[in-house]
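A.B. asks: sequence below, structure please.
(2 chains)
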Amino acid sequence: MSGTASRDAQPPIVVDSISKTFRVPEERVHTLKEYALHPLRHRRYQTFDVLQDISFHVGRGEFFGIAGRNGSGKSTLLKCLAGIYGVNSGRIWMDGRLSTFIELGVGFNQDLAARDNVILNGIMMGLSPREARRRVDEVLDFAELREFEELKLKNYSSGMHVRLAFSVAIQVDADVLLVDEVLAVGDASFQQKCFDVFYRMRDEGRTIVFVTHDMGSMNRFCNRALLLERGRMVHLGEPHEVADRYLEINFGRSAKASAGADGEGAEGRAGDGEARVLEAWIEDEHGERPASVPQGQRIVLKALVRFNIDVEDPIASMYVLNEDHKAIVVATSAREHERSGRFRAGEEILCSFAFENVLAPGRYNPLFTLAHRGTGLDLMDRVEGAFSFLVTGPEAMGGAVDLPVEVGIGRSDAQLPASVRA
Amino acid sequence: MSTKTNALETIRPRGAPFEGLGRPIKGPGALTHDWRRFWHLTYNIARNEFKLKFFGSVLGYVWQVMNPLLLFGVLYVFFVVISKVGAGGQPDEQFYGVQLLGSIVLFSFFGEATGGAVKSVVDRENLVRKIQFPRLVIPLAMTLLSFFNLAMNLIVVLIFALISGVHPMLSWLELPLILALLIIFSTGLSMLLSAMFVRFRDIKPIWEVISQIIFYGSPVIIPLEKVREKLLTPPHNTQFHQILYHIYMLNPLVTVFQQFRHSMVNHATISAENSLGGWLAMLEPVGIAVAVFALGFWVFNRSAPYVAENL
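C.D. replies: Numbering: from 1, shown residues only, chains lettered A, B, ... in the order given. As a prediction, this is how the structure comes out:
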């Protein structure tokens, strides 16, 4: 999907070196009385450069991520794109109808019933009243709130609120959808629904700008991403690169710095260095270390790790990346071995990830990470490109993995061989 | 197109990479090019407010009519029955009750439109901070909401007038002009007040006081004839009294209420034209109403782009 910008001469969003400054009075004057009594006091302002020199464009049908820490300016940027804030300098071009989902809502009136709110918001976002009324049912159905349509919004739970707001935002037929942290709330099934919609919209050539600090979903869904830090553009490019930089910034460490300290030049090395992957390799069924493995065999990816400090319950994870840098297989000790144990400084341990090789033929790069307990994001070490291996097979079918699939064709269920029946 | 750099320093922005993009977006403002949307929004916000106000309570719309009627009842008892204002048997005092109710209904519109507008933008923080829409629809919706109420209250006034024995007159056709002046003045203040309230939160109590002063400073209870009697007839007709009278007459609501009494209820009451001293003098209150409207719009339009940030 990337590179759509070149197909369409005019991208729906073009941002040309915008800057945004907030002026906050040092002493906020809230009343006319104070203003009249102290006419000079309100002159002093503190200025915050929330956004500086931001330039990018988003192509039609692109799924564009904006990442950054709290206070990095990502929500402000989204509000500038949405036209809620004016910019101090620079220009923004926005082509097509816009729909926004900002600060977990679209601006509901708490005292009105869901139905009225949906209609009003539809009109706010540019639908005609008739069109807005026609779509109410679709919106309520999508939000799965049909039975509560006459309930006042103040009686809604926060999850219902967000579901309704998101449903409004996606049902207005917008060409550009600006979404802020939609995945922070909502249960798993609704999140899945959201992404189904995102995919559908993207396939329809609509454009989605997506603000998040969940690197996992950004990696999975975005074509390109932008990383902001203190209002400046730090990285613009592939989501996985942005995700790496985000983690570096978040934990205050630089991949290059730590890699350099160890005298290793491995690309993509990150983490605080409190654990080190000394060696990583692949083993086949016979315990050997082949450079290529045939499909269908059991393979084991192993990493030898040394701890430089005392650690408790570290998390070891493994990603098998394909040539497009997409994670095909991901495994982590956090799921089943949350309490992985206590290790002393200087101890060496072995992390092992064994699985049936169902990978499609091609070259693969394993990536190992060791993290402190918790989110799994506070990395001790991360090694990518320690080695790669080739998977060989009879033919590439086109899938990312080749699972054994029973195939049968018949006129009815009864005609099919037993092996392909449910 | 993506900049594939792993450099640690921030990325330098490039110039606009595309040609022929048309106009960049302008950011938030008071108005929009899409006037249909502007109207739809105003109407629907007003309609929802109307619904909120009446469909939640048992008696619903009855309250809206009851409000001015109750005020009318109280004032009528105190001023007409007890103080004998408007009960002197002069020709201009005929149908005093209808005159009083009419003025109360008109003032209710003024009070509701301006009083309701003061907090309107701040109360809709939720909308303002999340959706781009022409900000002016908010105070205008409050005016429109008050206008719905006015329209219904005027029907009550009409019924009351007919029962009291007021005959339909050709001069009733002046009603749209009278209302237009009232609406222009009220809308101007609505825009001004709602924009100022974003910065100065004491506008609300201040406006409540001023609104009360305007209530007593217009011919709602005290007929204009009584004011003229006190200020213009000997021995009170000094220059000081004349200046006082002039100031009193500057209030556009005086013109509105008095012309309503004159052409809607009782031709024996003095017309706005005569009370001002000629058609040309009408330019004064009308000019003030228009000037307030222009000022209100100017202030609102200037503050609209920053409302979302300053809330």
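A.B. asks: what is the least confident helix or strand in chain B?
C.D. replies: Least confident helix or strand of chain B, by mean pLDDT, DSSP states H and E, is helix B:61-75 with a mean of 81.
A.B. asks: the following helix or strand past that one: how far from the chain's middle?
C.D. replies: Toward the C-terminus, helix B:61-75 is succeeded by helix B:96-118 as the next helix or strand (DSSP states H and E). Counting by C-alpha atoms, centre = their mean, to the nearest Å, helix B:96-118 is centred 9 Å from the centre of its parent chain.
A.B. asks: and the helices in chain B?
C.D. replies: B:35-55, B:61-75, B:96-118, B:120-123, B:125-128, B:137-164, B:175-199, B:203-216, B:224-232, B:239-250, B:252-260, B:272-276, B:283-303, B:307-310 (DSSP state H).
A.B. asks: CA atoms of the last one as CSV?
C.D. replies: Extracted in CSV, the C-alpha atoms of helix B:307-310 (Å, rounded to 0.1, in the frame of the first residue of the first chain):
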residue,chain,number,x,y,z
VAL,B,307,-11.7,29.8,21.7
ALA,B,308,-10.7,26.1,21.7
GLU,B,309,-7.2,27.0,23.1
ASN,B,310,-8.5,29.4,25.7
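A.B. asks: in that helix, what's buried?
C.D. replies: Residues of helix B:307-310 classed as buried by neighbour count (16 or more other C-beta atoms under 10 Å in any protein chain shown): B:Val307, B:Ala308, B:Glu309. Glycine gets a C-beta too; all of them are placed from N, C-alpha and C.
A.B. asks: of the residues you listed, which are in range of chain A?
C.D. replies: B:Ala308, B:Glu309 (C-beta under 8 Å from any C-beta of the partner chain).
A.B. asks: okay, the buried residues of helix B:307-310 in a markdown table with distance to A:Arg411 next?
C.D. replies: Below are the buried residues of helix B:307-310 laid out as a markdown table (distance: C-beta to C-beta, whole Å):
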| residue | distance to A:Arg411 |
| --- | --- |
| B:Val307 | 67 |
| B:Ala308 | 63 |
| B:Glu309 | 67 |
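A.B. asks: ok, the buried residues of helix B:307-310 vs A:Ala169, which is closest?
C.D. replies: B:Ala308 (17.9 Å; C-beta to C-beta).
A.B. asks: find the closest residue to chain B in the stretch 101-250 of chain A.
C.D. replies: At 3.8 Å from chain B, A:Gly107 is the closest residue in the stretch 101-250 of chain A, using C-beta to the nearest C-beta.
A.B. asks: quick one: that residue and A:Val118 touch, right?
C.D. replies: No: applying C-beta atoms under 8 Å, one finds A:Gly107 not in contact with A:Val118, separated by 11.8 Å.
A.B. asks: pLDDT value on B:Gly22, please?
C.D. replies: According to the predicted model, the pLDDT of B:Gly22 comes to 75.
A.B. asks: quick one, what contacts it?
C.D. replies: Residues near B:Gly22 by C-beta atoms under 8 Å, 6 or more residues apart in numbering or on different chains: A:Trp93, A:Asp95.
A.B. asks: how near is it to B:Gln132?
C.D. replies: For B:Gly22, the distance to B:Gln132 (C-beta to C-beta, to the nearest Å) stands at 18 Å.
A.B. asks: where does the stretch 251-400 of chain A dip in pLDDT?
C.D. replies: Residues of the stretch 251-400 of chain A that meet the criterion pLDDT under 70 lie in A:251-268.
A.B. asks: kindly report the same for the stretch 51-200 of chain B.
C.D. replies: B:55-60, B:86-87.
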